[in-house]
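In: need the 3D shape of this:
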Amino acid sequence: MIQISSSSHKIQLIVSISVAAIFSSAQMRAQDFSVGKPLGTTNEAGDWVEMSDNVKVFGSFHFAESCTFDPARNLILAMNSGDRTDASKNDGYVSLINPDGSVHTPKWIGATRDGLELYNPLGSAIKDGVLYTVDTDTVRLFDLKSGKPLRSIHVPGSSLLNGIAVADNGTIFASNTRPDWKLYKITKDGKSSVLVADGKLNIPNGVAVDPDGNVVVVNIGNRDVITYSPSGKLVRVEQSGEKGSDGIVIMDDGTKYVCSVRHGSVSRIRPGQKAEIIAKGIPSAASMCYDSIQHQLVIPMNPNNGLAFLKL
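Out: Numbers count the residues shown, from 1 in each chain. Predicted structure coming up:
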């Protein structure tokens, strides 16, 4: 509001708008999205210096549910939830982890919240320079190089999206774990539909695309490892070594690795063969990824706030 009072001697303007507030607001709107730096601190001279490479730091996780591997940078991307007691808090983040498990960047995506929405990231995938993650009822896309948010796709009817995979043509497949057991298909233009909601799904979790372009889903409720065609037709059902499946990795030769979040084992299923358990006793073994350079499985351990590494 502007108030004007006049007399023969003066005109007084009283301005009730804070110029500082206007400037601050404009600054916030103009601020570019930024990501976190690798580990380091400010030295005595006031210069920021990166941590020397003879020091190793481990940790930086908070309920890490999934990971994915970026071979271009030889780094593991770990998805982390913030406050698990309040799903409405916009406090999810992504850590960058070295292949030996040491920390590269504690909070890469999530160091600031400028333009960022990431609440409860679960499953994740990388395809053609894009990081994909599911966040309750939304699929979020980030530029893999810069970390900048690219797009958010709401999936109507979903309630807890969990596993995610991306086909070569950009089609997204995502499981809905509860309360309804479904497999969603999201096209490249953002249109979503229920691909599968049959009696085979039993608390579906991890999702992957096999070398033939089929979609493979693992169940928490039983040992079934189910393969569907891209159109949703049942192709085959295999069995993991233990039920409670969470993560799935499929190699170029069709070999599947499945981990049990309930029982802590990793099963290997070679094409046409029965499952064999190759590791066990891993607490809360969640949605793992494959490190193709070090040839290892990386397994997030949910509330244990850590990653397990299994050389193949």
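
In: make sure Gly110 is actually in contact with Leu116.
Out: Yes. Checked against CB atoms under 8 Å, the pair Gly110 and Leu116 is within contact range at 6.8 Å. All C-beta atoms are positioned from the backbone trio N, CA, C, and that covers glycine.

In: from Thr42, how far off is Ser193?
Out: For Ser193, the distance to Thr42 equals 51 Å [CB to CB, to the nearest Å].

In: for those two, indicate the residue with more neighbours.
Out: Per other CB atoms under 10 Å, whichever of Ser193 and Thr42 has more neighbours is Ser193, with 12 against 9.

In: for that one, phi and psi?
Out: Dihedral angles phi and psi of Ser193 (degrees, to the nearest 10) take the values phi -150, psi 160.

In: spatially nearest residue to it, not counting backbone neighbours?
Out: Nearest-residue entry for Ser193: Lys185, 5.5 Å, with adjacent residues in sequence omitted and distances by CB to CB, 6 or more residues apart in numbering.

In: can you tell me the SS state at Asn205?
Out: The three-state assignment at Asn205 reads strand, by DSSP: H, G, I helix; E, B strand; the rest coil.

In: which residues does it contact?
Out: Going by CB atoms under 8 Å, 6 or more residues apart in numbering, Asn205 touches 162-163, 175, 177, 217-220, 245-247, 261, 287.

In: report pLDDT for it.
Out: Predicted confidence (pLDDT) for Asn205: 98.

In: same thing with Arg29?
Out: Looking at Arg29, its pLDDT stands at 51.

In: which ones are touching Asn304?
Out: In this structure, Asn304 makes contact with 283-284, judged by CB under 8 Å, 6+ apart.

In: distance of it from Ala64?
Out: Spatial separation of Asn304 from Ala64 under the definition CB to CB is 9 Å.

In: who does the helix or strand hosting the residue nearest to Ser193 pair up with?
Out: Taking DSSP states H and E as the criterion, Lys185 maps to strand 182-186. Next to strand 182-186 in the sheet, as set by DSSP bridges, lie strand 172-176 (antiparallel), strand 192-196 (antiparallel).

In: ok, and what's touching it?
Out: Outside strand 182-186, the residues within contact range by CB under 8 Å, 6+ apart are 139, 153, 155, 157-158, 161, 171-176, 192-197, 201, 204, 207, 215, 217, 228, 230, 232.

In: redo that, cut-off 6 Å
Out: With CB atoms under 6 Å, 6 or more residues apart in numbering as the test, strand 182-186 has contacts from 155, 172-176, 192-197, 217.

In: what does stretch 246-263 give?
Out: Counting contacts by CB under 6 Å, 6+ apart, the residues outside stretch 246-263 that touch it are 205-206, 208, 210-211, 218, 240, 242, 244-245, 266-271, 284-288, 290, 299.

In: just the buried ones from those residues, in ChimeraX syntax?
Out: This is the ChimeraX syntax for the buried subset of the contacts of stretch 246-263, where burial follows 16 or more other CB atoms under 10 Å:
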select :205,206,208,210,218,240,242,244,245,266,267,268,269,284,285,286,287,288,290,299
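
In: from the contacts of stretch 246-263, which land in helices?
Out: Assignment to helices by DSSP state H places none of those there.

In: restricted to strands, list the contacts of stretch 246-263.
Out: If you go by DSSP state E, the contacts of stretch 246-263 have 205-206, 208, 218, 245, 266-269, 290, 299 in strands.

In: in CSV: these, plus distance to Arg73.
Out: Conversion of these to CSV gives the following (distance: CB to CB, whole Å):
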residue, distance to Arg73
Asn205, 27
Gly206, 24
Ala208, 22
Val218, 28
Ser245, 29
Val266, 25
Ser267, 30
Arg268, 28
Ile269, 30
Tyr290, 16
Ile299, 20
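
In: tell me which two of those sit farthest apart.
Out: By the measure CB to CB, Asn205 and Arg268 form the most distant pair in these, at 18.1 Å.

In: got the residue ranges for the strands in the stretch 51-200 of the chain?
Out: Applying DSSP state E, counting those that start in this stretch to the stretch 51-200 of the chain gives strands spanning 64-70, 75-80, 93-97, 103-109, 121-127, 130-135, 138-143, 149-154, 161-166, 172-176, 182-186, 192-196.

In: hmm, who's touching the second one?
Out: Put plainly, it is strand 75-80. So strand 75-80 is in contact with 61-62, 64-69, 93-97, 104, 121, 124, 133, 298, going by CB under 6 Å, 6+ apart.
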